[in-house]
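K.L.:
Provided below for reference: sequence and predicted model.
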Amino acid sequence: MTELLDYEPVLAPEDDAAFEPFPLDAEPEGAPAPRPPVAPGRVRLAPRARRRHVGAILPSAPALFPWLARRFAPGEMTLWVGPRVAVEPVLERLYAGSALARGAVSLLEGANRFHPYRIGELGRSLGVDATETLHRLRLARAFTAYQMVALVDGWAREARRYPPTLLVAHDLPAMFAADEVRDDERAALLRHVARTLGALVHDARVPLLLTLGPGEVDRFPGLADEGPRWADLVTFVRGPGTLRLRSLRDDARLAFVPRPGGQHGIEEFGGGSAEEVIAWDVPPRRTARRSRNG
């Protein structure tokens with residue numbers, strides 16, 4: 001299947017171990033906008049009055065970055081929920097955007113799917129040296145559930161030593177799905193992880209991004225009642241050549257749709273259109289036929 005980021009999309013908002021420094025399941029076409037995977041009454045979104053302004057964790061352009069930045073809040077957790085093939089391309093672009101904003105990401109990688117060369121190239125496409133992009137990421141990964149618990153326990157100490165602008169916990173439950181972890185032990189370990197993340201985010205006072213697969217919120221004991229306060233929950237749905245995001249807090253929606261190279265959008269002519277074209281380094285389509293002899 002063609003990667004979404006191979007397209008030149010139109011961004012269409014429908015409303016407004018140790019940490020180491022570095023030197024699809026597709027939804028069917030026409031799928032409805034993503035719905036929250038848990039009942040809204042079970043989600044403890046922090047009141048707006050208590051939310052503080054987030055520093056420049058992402059740049060002001062392209063328009064994808066400010067849309068994502070509005071979903072974060074200091075001392076609170078934002079969840080991205082959806083198929084890995086939909087979430088991870090946006091996550092990698094977030095890493096590159098953070099480097100452009102001169103931010104620092106502290107990443108706990110639970111699924112061992114980290115692609116440094118791709119992230120470096122994304123940073124380069126935004127005007128940041130690939131090495132600089134990766135130096136602004138501090139990565140820790142584990143190979144067993146027990147190592148993951150130890151890394152979560154030590155994350156607060158890591159954050160004090162190297163203060164980040166954004167904490168990212170990528171697919172933590174994946175490490176606990178191994179057959180050698182009993183069901184009762186898995187539940188106890190994940191509940192401990194949820195409590196520890198709650199204390200970490202409260203003390204560090206920086207945003208936490210937690211990514212989960214479909215249905216994994218309900219399979220993460222303690223996350224809803226003992227974990228960090230929720231700033232927002234963003235669901236991802238992918239179809240052929242499209243990607244839709246939806247925010248639970250204010251029902252803000254974002255859609256990526258493919259557009260042929262060289263096609264002009266109405267936003268280029270002014271008028272306050274809600275559409276904005278984001279360049280993704282796609283070569284323009286030929287606009288003239290080759291001449292033929294004779």
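P.N.:
Cool, got the structure. Residues are numbered from 1 along each chain as shown.

K.L.:
Quick check: buried residues in stretch 198-211?
P.N.:
Residues 198, 200-201, 204, 206-211 are the ones in stretch 198-211 that count as buried (16 or more other CB atoms under 10 Å). All C-beta atoms are positioned from the backbone trio N, CA, C, and that covers glycine.

K.L.:
which one of the residues you listed sits closest to G110?
P.N.:
Of all the buried residues of stretch 198-211, the one with the least separation from G110 (CB to CB) is T211, at 8.8 Å.

K.L.:
Could you identify the helix or strand that succeeds the helix or strand encompassing the closest one?
P.N.:
Per DSSP states H and E, T211 falls inside strand 208-212. Note on strand 208-212: by DSSP H and E, the next helix or strand toward the C-terminus is strand 230-239.

K.L.:
For that next one, name the packing helices and strands.
P.N.:
The contact analysis (3 or more CB pairs under 8 Å, 6 or more residues apart in numbering; DSSP states H and E) places strand 230-239 against strand 77-81, helix 84-100, strand 242-247.

K.L.:
Determine the set of other helices and strands touching the last one.
P.N.:
Using 3+ CB pairs under 8 Å, 6+ apart as the contact test, the elements touching strand 242-247 are helix 84-100, strand 230-239, strand 253-258.

K.L.:
A73 is nearest to which of the ones you listed?
P.N.:
When those are compared (using CB to CB), the closest one is strand 230-239, at 4.0 Å.

K.L.:
now that closest one against strand 253-258, angle please.
P.N.:
In terms of direction (axes from the mean of the first three to the mean of the last three CA atoms, to 10 degrees), strand 230-239 departs from strand 253-258 by 30 degrees.

K.L.:
Can you show me the CA trace of strand 230-239 as PDB?
P.N.:
Provided in PDB are the C-alpha atoms of strand 230-239 (Å, rounded to 0.1, in the frame of the first residue of the first chain):
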ATOM      1  CA  TRP A 230      -6.300  13.900  29.900                       C
ATOM      2  CA  ALA A 231      -5.800  17.100  27.800                       C
ATOM      3  CA  ASP A 232      -7.400  15.500  24.700                       C
ATOM      4  CA  LEU A 233      -8.000  12.300  22.800                       C
ATOM      5  CA  VAL A 234      -7.300  12.300  19.100                       C
ATOM      6  CA  THR A 235      -8.600   9.400  17.000                       C
ATOM      7  CA  PHE A 236      -7.100   8.400  13.600                       C
ATOM      8  CA  VAL A 237      -8.900   6.800  10.700                       C
ATOM      9  CA  ARG A 238      -7.100   5.900   7.500                       C
ATOM     10  CA  GLY A 239      -8.600   5.100   4.100                       C
END
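
K.L.:
Done for today, thanks.
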